[in-house]
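structural data only, the sequence is not supplied:
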């Protein structure tokens, strides 16, 4: 049932934002979430599908491999994700920074989350997939929280 709700979400949105947790679950083949991340990345590989994420995501993804001294794993993550089809990496600029500050002030999000939300809003994504319910506070896009599908 949850996978069907996810697929319906993906059908409704041609331009989505992905939060860092989606990448982590998929790259680590997390058994609890893989049934949800597989359809997301399959959708992303199809023509006509587009997703964005903030470059903050790459920072968050590479911390653990670097902390563990696993340079190869960090290089693998970077190589795979920086060239993933139909995925745009959006670096924070002054407009995104200002919007993130507004979102953070209004909704009391942490700075990385505010930057993710501002990137989604600034890029005009209509949906955001995450596993963090704080994004549901932000207007401008529909949020899908994976744990709500379980």
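Done, it's in. Keep in mind it's a predicted model, so treat the numbers as computed, not measured.

what's the spacing between whatever helix or strand residue 56 lives in and its chain's center?
Assigned by DSSP states H and E, residue 56 belongs to helix 55-67. Centroid separation for helix 55-67 versus its chain: 13 Å, with C-alpha atoms, centre = their mean, to the nearest Å.

now it: mean pLDDT?
For helix 55-67, mean pLDDT rounds to 97.

just checking, what packs against it?
helix 20-27, helix 71-82, strand 87-90, helix 111-122 (3 or more C-beta pairs under 8 Å, 6 or more residues apart in numbering; DSSP states H and E). Bear in mind the C-beta positions are built from the backbone N, C-alpha and C, glycine included.

outside of that helix itself, list whatever touches it.
Helix 55-67 has contacts (C-beta atoms under 8 Å, 6 or more residues apart in numbering) with 18-20, 23-24, 27, 71, 73-74, 77-78, 81-82, 89-92, 112, 115-116, 119.
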